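with the input below, show me the fold.
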Amino acid sequence: MMAKTLVELADSLVADFDVVDLLTLLATRCVEVLDVGAAGIMLLSPEGDLRVMASSSEAMRVLELFELQSQEGPCLDCYRTGQPVHQKLTEGDGGWPRFAAEALRAGFGSVHALPLRLRGTIIGALNLFHVDSAEMRPADVEAAQALADVATIAILSHRAGRESQLLNEQLTYALNSRIVIEQAKGMVAERLGLDMEHAFTTLRTYARNNNLRLADVAEHVIAGTLQASTLDHGRG
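Numbering: from 1, shown residues only. Below you'll find the model as predicted:
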């Protein structure tokens with residue numbers, strides 16, 4: 001079953017895979033493969049706070065939301081330290097009094113939290129809850145961490161790909177804009193009898209005075225919807 005789960009996770013890593021789908025699969029398979037009653041995953045958002053991204057049940061989702069609202073619990077400690085957390089849940093727990101009471105009411109007796117971590121980068125944590133107070137078997141802890149590692153690598157690779165794509169799009173836009181500006185600069189220089197440096201200054205001054213992007217002004221000049229004489233009037 002563990003091997004099948006790893007294959008399923010790998011199969012989900014297509015070019016446009018959905019992170020929520022991946023993490024939901026991970027939470028579901030943790031309950032099926034490991035000796036745990038429920039599983040949930042919190043992930044670091046672009047804004048810098050943890051968010052509940054996937055849960056094996058609605059009760060688990062509510063408990064994790066409570067953890068975030070109360071700002072105490074295993075997932076938060078695991079994320080902050082980057083280290084696995086194991087805790088038996090008891091009434092009046094010194095570390096997480098409100099969270100422990102809520103988890104006990106939900107029917108859980110202990111919890112393991114494992115970091116979603118790749119080298120020095122921590123992007124979240126995996127919560128594994130048990131209906132009794134027993135510790136997880138070492139083999140199950142290793143298996144859970146392996147699943148968390150696969151998900152972490154997938155998410156970081158996905159983010160890197162998106163950032164790379166965004167950078168390429170920005171670079172392409174910048175290069176295309178530069179070509180358009182050079183073309184418009186030549187047209188302005190010819191029509192107003194200016195050298196290229198002053199033609200560029202004329203375009204830039206008009207753009208600034210009218211709160212427009214320089215590339216947009218250049219496109220209007222090339223299209224003929226903005227006359228060089230208008231630029232010259234603005235420059236004057």
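
does anything pack onto the helix ranked longest in the chain? Which helices or strands?
Criterion DSSP state H: the longest helix present in the chain is helix 138-192. Counting contacts by 3 or more CB pairs under 8 Å, 6 or more residues apart in numbering; DSSP states H and E, helix 138-192 packs against helix 2-11, helix 19-33, strand 110-118, strand 121-130, helix 196-209, helix 214-223, helix 228-235. Yep, even glycine has a C-beta here, placed from its N, CA and C like the rest.

need the ones you listed in CSV (columns: mean neighbour count).
Converted to CSV, the helices and strands packed on helix 138-192 look like this (neighbours: other CB atoms under 10 Å):
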stretch, mean neighbour count
helix 2-11, 13
helix 19-33, 19
strand 110-118, 23
strand 121-130, 23
helix 196-209, 17
helix 214-223, 18
helix 228-235, 16
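
save these as TSV, and put in mean pLDDT and distance to T90 too.
TSV is the format used below for the helices and strands packed on helix 138-192 (pLDDT from 0 to 100; distance: least, CB to CB, whole Å):
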stretch	mean pLDDT	distance to T90
helix 2-11	56	31
helix 19-33	81	24
strand 110-118	91	10
strand 121-130	91	14
helix 196-209	87	66
helix 214-223	90	64
helix 228-235	71	75
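
between these, which gets nearest to R98?
Among the helices and strands packed on helix 138-192, strand 110-118 comes nearest to R98, with 14.3 Å by CB to CB.

helices and strands around the closest one, which ones?
Short answer (3+ CB pairs under 8 Å, 6+ apart): strand 110-118 packs on helix 74-81, strand 85-88, strand 121-130, helix 138-192.

pick the most buried one from those.
Highest mean neighbour count of the helices and strands packed on strand 110-118: strand 121-130, a mean of 23 (counted as mean count of other CB atoms under 10 Å).
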